[in-house]
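Novice: model this:
(2 chains)
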2 protein chains.
Amino acid sequence: MARNDQYCLHCNGYIADSEGKVEWLDSVPVPEDEDFGFSDFMSNIDAVVMGRVTFETLIGFGVGWHYGVPGIILSSTMTSAPAEFAEYVTFASGTPQEIVDLAKGKGHSNLYIDGGDTVQRFLREDLIDELIITEIPVLLGDGMRLFGELDRRLDFDLAGTEVLADQIVKTHYCRKHQ
Amino acid sequence: MARNDQYCLHCNGYIADSEGKVEWLDSVPVPEDEDFGFSDFMSNIDAVVMGRVTFETLIGFGVGWHYGVPGIILSSTMTSAPAEFAEYVTFASGTPQEIVDLAKGKGHSNLYIDGGDTVQRFLREDLIDELIITEIPVLLGDGMRLFGELDRRLDFDLAGTEVLADQIVKTHYCRKHQ
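Specialist: Here you go, the predicted model:
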């Protein structure tokens, strides 16, 4: 099972601005100790599959690897990480199905898929079982889109929705297989 | 005040498929007499401003003009409507601000802005005060996007959200002017 938990701009669909920046995530003030259910979510996750660009953004945040499970970084060029990440992450490249098989071979069946391009690649191969989308009420205008083109329509079931910090809508979808 | 009430694909952002079709709107079964608050919404609207493409889609539905208020159809080429619409709609062209001024001149201050391209044009001129977005859990894959590019970021306040027919998320945003 592959899961996704993405911050996303409401329907404008951009997850980073035209310079790849994500400062807009801070546009809604949130309590310091509020994680919006992220710990609960991660308690069901065996490994994080993350695109290189997202990993580099994470490195820039200076918060280290805070997921509590191993990370598989997707890159055909990057082979080593800064020291504080080295014990947590490995690097891999291949098709989404190959990555899922690789993770399964390591005993990781519940994957958290992170990164705009990576999520799109997994969606195109219909390998996303759950989507958790956290929408902040900002129209960015341009930038990197959460969703790209697919070669077919994918139907989901609404599993739940909640309002966070009075401004953010978090919605949980499960893939509906007819 | 200009309002918008759009059906939109969750974050995928497409409002019509690549052939301009909207059959995916029927993917969630809804009770025959359920209008999801549309009558309440329309009770505060003075006129509908609609793009030509959306108007032609409406004509194709064969349901007539069911808004209860006058329509202003935006087109630089279309000058007449089928007989069943003729008493309800007029045609106009111009910038979004010119259309708002034209409507105000007719005594219409609360406008419902409808149509993908039209909503984008009004958003680009920051003339949308409220966005009501109704999301059906389908990723269309490609087609016509609800939101296009903007030359600046627009911040909104979350005014409310509700789940309809157990599957549809309707979210109400108000433009936040700093």
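
Novice: what residue lies at the spatial centre of chain A?
Specialist: By CA atoms, centre = their mean, the mean C-alpha position of chain A lies nearest to A:Asp114, the distance being 2.5 Å.

Novice: what's the nearest residue to it if we skip its chain neighbours?
Specialist: A:Met50 (4.6 Å; CB to CB, 6 or more residues apart in numbering or on different chains). Heads up, the C-betas are built off the backbone N, CA and C, glycines and all.

Novice: In the sheet, which residues pair with the one you found? Tell me.
Specialist: A:Ile73, A:Asp114 (DSSP bridges).

Novice: Please apply the same query to A:Thr161.
Specialist: Beta-bridge partners for A:Thr161, by DSSP bridges, are A:Thr171.

Novice: Contact partners for the residue nearest to A:Asp114?
Specialist: A:58, A:71-74, A:114-115, A:118 (CB atoms under 8 Å, 6 or more residues apart in numbering or on different chains).

Novice: for chain A, what spans make up the helices?
Specialist: Ranges of helices within chain A are A:38-42, A:52-61, A:83-86, A:96-105, A:116-124, based on DSSP state H.

Novice: Run the angle between the second one and helix A:116-124 for me.
Specialist: Pointing back at helix A:52-61 there. If you take axes from the mean of the first three to the mean of the last three CA atoms, to 10 degrees, helix A:52-61 sits at 140 degrees to helix A:116-124.

Novice: Just name whatever secondary elements helix A:52-61 is in contact with.
Specialist: strand A:71-74, helix A:116-124 (3 or more CB pairs under 8 Å, 6 or more residues apart in numbering or on different chains; DSSP states H and E).

Novice: Of those, which shows the lowest average pLDDT?
Specialist: Sorting the helices and strands packed on helix A:52-61 by mean pLDDT places helix A:116-124 lowest, at a mean of 87.

Novice: what's the angle from that helix to helix A:96-105?
Specialist: Using the same axes, to 10 degrees: helix A:116-124 against helix A:96-105 is 90 degrees.

Novice: could you say what helices and strands helix A:116-124 packs with?
Specialist: Partner elements for helix A:116-124 (3+ CB pairs under 8 Å, 6+ apart): strand A:2-9, strand A:47-51, helix A:52-61, helix A:96-105.

Novice: then it to PDB, C-alphas only?
Specialist: The C-alpha coordinates for helix A:116-124 follow below in PDB (Å, rounded to 0.1, in the frame of the first residue of the first chain):
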ATOM      1  CA  GLY A 116       5.400  16.400  -6.400                       C
ATOM      2  CA  ASP A 117       7.000  14.700  -9.300                       C
ATOM      3  CA  THR A 118       7.200  11.400  -7.400                       C
ATOM      4  CA  VAL A 119       3.500  11.400  -6.400                       C
ATOM      5  CA  GLN A 120       2.600  12.100 -10.000                       C
ATOM      6  CA  ARG A 121       4.700   9.200 -11.200                       C
ATOM      7  CA  PHE A 122       3.100   6.800  -8.700                       C
ATOM      8  CA  LEU A 123      -0.400   8.100  -9.600                       C
ATOM      9  CA  ARG A 124       0.300   7.500 -13.300                       C
END
